[in-house]
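Q: sequence plus the predicted model coming up.
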Amino acid sequence: MTLLDRFARFTVVVAMPVVLLLAPLHLFVTKAYVRHEYAQRGFPSSMRFQPAERLAISDAIVDYLRGGLTRQGLAAVRTSTGDEALNTREVDHLVDVRVVMERLFRAHAVATVATLAAAVTLWLRRQRAGLARSLRHGVVATGALIAGVVGFSLVDFDAFFTAFHGLFFRAGTWTFEFSDTLIQLYPLPLWMDAVWKIGVVVAVEMALVYSLGSWLARQPAAVALAAASEAP
């Protein structure tokens, strides 16, 4: 095995958790996901906003997070009574969130490209068994990470929620009053739902990639068997 082969295999193993864990962001940071949550039976209602108004403000926030609205546009969002929908602290926090989101999306894009390039390299260099092992090892690494995250959230979600925000935001910049717009739009049950649903999506991704790795692992044996059967 050459140094290039080793590096390609290492890249697949290291980049795979990033690819699998960040891919769900494309599904969950969307207007469709918020609508899905709002439609859930028993989802907390807002004491400030009617359903249509609540959804409209949330749509504007998602637009901002996905790059479709400027900070000025976000700050200009109004309630049905003409008041500012978001106070200054909320706008500042969403600016921080957008920075984090953009970094995560970039990290996902880089990891995806790196994984595909490494996989193609191994395939073209006829290192399919090595590619198969790397895919499965990457899935195992992802599983260990997601098990730790989901386990932590199930044991003490409040502590998990605090620790998670502490990784990305300065202390005191992400806590709000119950009556603030962000809490009225996105109460705790939405985040609790998101954690386990992201876990399900990642589990499906893991199963698919592991199955691909298992299929690839059988190919060299199948080729060797076919060659042996054709030998005189």
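A: On my side now, so go ahead.

Q: by mean pLDDT, point me to the weakest helix or strand of this protein.
A: Least confident helix or strand of the chain, by mean pLDDT, DSSP states H and E, is helix 188-230 with a mean of 79.

Q: how far does it sit from its chain's centre?
A: 18 Å (CA atoms, centre = their mean, to the nearest Å).

Q: helices and strands around that helix, which ones?
A: Counting contacts by 3 or more CB pairs under 8 Å, 6 or more residues apart in numbering; DSSP states H and E, helix 188-230 packs against helix 3-22, helix 25-28, helix 31-38, helix 128-155, helix 157-168. Just so you know, the C-beta spots here come from the backbone N, C-alpha and C atoms, and that holds for glycine as well.

Q: rounded mean pLDDT for the second one, please.
A: If you average the pLDDT over helix 25-28, you get 95.

Q: and if you look at the first one?
A: Averaged across helix 3-22, pLDDT comes to 95.

Q: single out the most deeply packed of the helices and strands packed on helix 188-230.
A: Burial of those is given as mean neighbour count (mean count of other CB atoms under 10 Å); helix 3-22 ranks first at a mean of 19.

Q: need the residues that contact it.
A: Helix 3-22 is contacted from outside by 104-105, 107-108, 111-112, 114-115, 117-119, 121-122, 125, 127, 130-131, 133-135, 137-139, 141-142, 145-146, 202, 205-206, 209, using CB atoms under 8 Å, 6 or more residues apart in numbering.

Q: now the angle between helix 128-155 and that helix, please.
A: Helix 3-22 and helix 128-155 are oriented at 30 degrees to each other (axes from the mean of the first three to the mean of the last three CA atoms, to 10 degrees).

Q: with that, I have no additional questions.
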